[in-house]
Every structure is written in C-alpha cells, then in structure tokens.
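Peer 1: Sequence first, predicted coordinates after that:
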Amino acid sequence: MDDNCELILVDFEERAEKSVEHLRSVLAGIRTGRASPALIDSLRVEAYGTTSPLNQLAQISVPEPRQLLVKPFDASIIRDVERAILTSDLGLTPSSDGKVIRLTLPPLSEEQRRKLVAKVKDLAEETRVAMRNERRDANKAGEQAFQNHEITEDHKRELQDRIQERLKEFEKRIDDLLAKKSHEIMHD
C-alpha cells in the first residue's frame, strides 16, 4: 500500500480510537451499585464566575463502597458544588458539614439497572454508527485519491479491506466495553 493509503488509514484509526475513548469516558460516568469518582468527575460546577469540571475544583475519594467524599480545594465553593450535584441527573443528595460533601449511593432496583443497561447499549450503538461514518469518509477519501490518480484501483481495494478489518477490531472493543459495563451494572 502506498503513502496516500497509509495516511487515510491512520486518519481513520485515530478518529475511531477517539470514538472508543469517548465511549469509555461516558461509560465511566454511568452509575453502578459501587461508588466511583468517575461518576461525578466531569460534573460541571458554576464557581468563580465560570463553569468547571468538579475534578478541577475538588478532591474526590471513595471512603466506603457506596459513598463518595468530595473535598473542595476552596471551602467557599461548597454550596456551588452541592447545587451542581442536586441539579445533575444523578439522583444523589449531598450531605455537607461545611468542609466536605458526602454522597451516599442508594442501591439500584432491578428496573433501574435494566434502564441503565439499555442506555449503555444505546451509547455503544451511537459509537458504532459514528465509526461507520468514519469508515464511509475514509472510503470516500480513498475513492477521491483513486479518481485523482494518486492511487491504483488495487490500492483502493486493499485500503477498503484494511479499513473494514480495523472497523471490526474497533467494534469488538466496543462490544467488550458494553459487556463489561452491563455486567457491572447488573451484578454490583
């Protein structure tokens, strides 16, 4: 395969990798039975006249399996952090002593677990669709390179085959992430 094909393939791989990493970070923020700092890491807090992720404003730890402890670096923003938690769709009620905020995660009902698994499946499917779009764009780039006489027809076919192989590998990673998260939701 020539350099033009390699560039198209590398570009496709980079975009697909970003899609998988985005899915991984979104899944980390989905609640399971266990407490995880990732659940609230990226929660946006309005403080100091700007909106920032919670992990830039506070230390988040897990003192117990079903509890999160949030210790703001500046105690004056504790109310802002509480407000952000209350207005989020996490369904958690913060308990504050003026220095730290404790979040106790209630156990999930079977129905809640099933809804979360359905949400996870939807997110995985959205990622698959995004990667298929990336495949389409890469194949179009290959076709354009062929039209411009930059690559041969054999190179174009080989490029399409390699893009398809890599797509299957990325879809397998998505399936693995989906299976792991679904199991975590249903059994923790």
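Peer 2: Nice, I can see it. Numbering: from 1, shown residues only.
Peer 1: what's next to the lowest-mean-pLDDT helix or strand in the chain, contact-wise?
Peer 2: Of all the helices and strands that make up the chain, the one with the lowest confidence by mean pLDDT, DSSP states H and E is helix 38-41; it has a mean of 79. Applying Cβ atoms under 8 Å, 6 or more residues apart in numbering, the contact partners of helix 38-41 are 25, 28-31, 53-55, 60, 68, 70, 85, 88, 90, 103. Every C-beta, even on glycine, is put in place using the N, C-alpha and C of the backbone.
Peer 1: what's the lowest-pLDDT member of those residues?
Peer 2: Lowest pLDDT among those: Arg31, with 68.
Peer 1: Now do stretch 129-141: distance to the chain's middle.
Peer 2: In this view, stretch 129-141 has its centroid 20 Å away from the chain centroid, taken as Cα atoms, centre = their mean, to the nearest Å.
Peer 1: quick check: mean pLDDT across that stretch?
Peer 2: For stretch 129-141, the per-residue pLDDT averages 94.
Peer 1: what does it rub up against?
Peer 2: Around stretch 129-141, the neighbours that count as contacts under Cβ under 8 Å, 6+ apart are 8-9, 11-12, 15-16, 19, 159-160, 163-164, 167, 170-171, 174.
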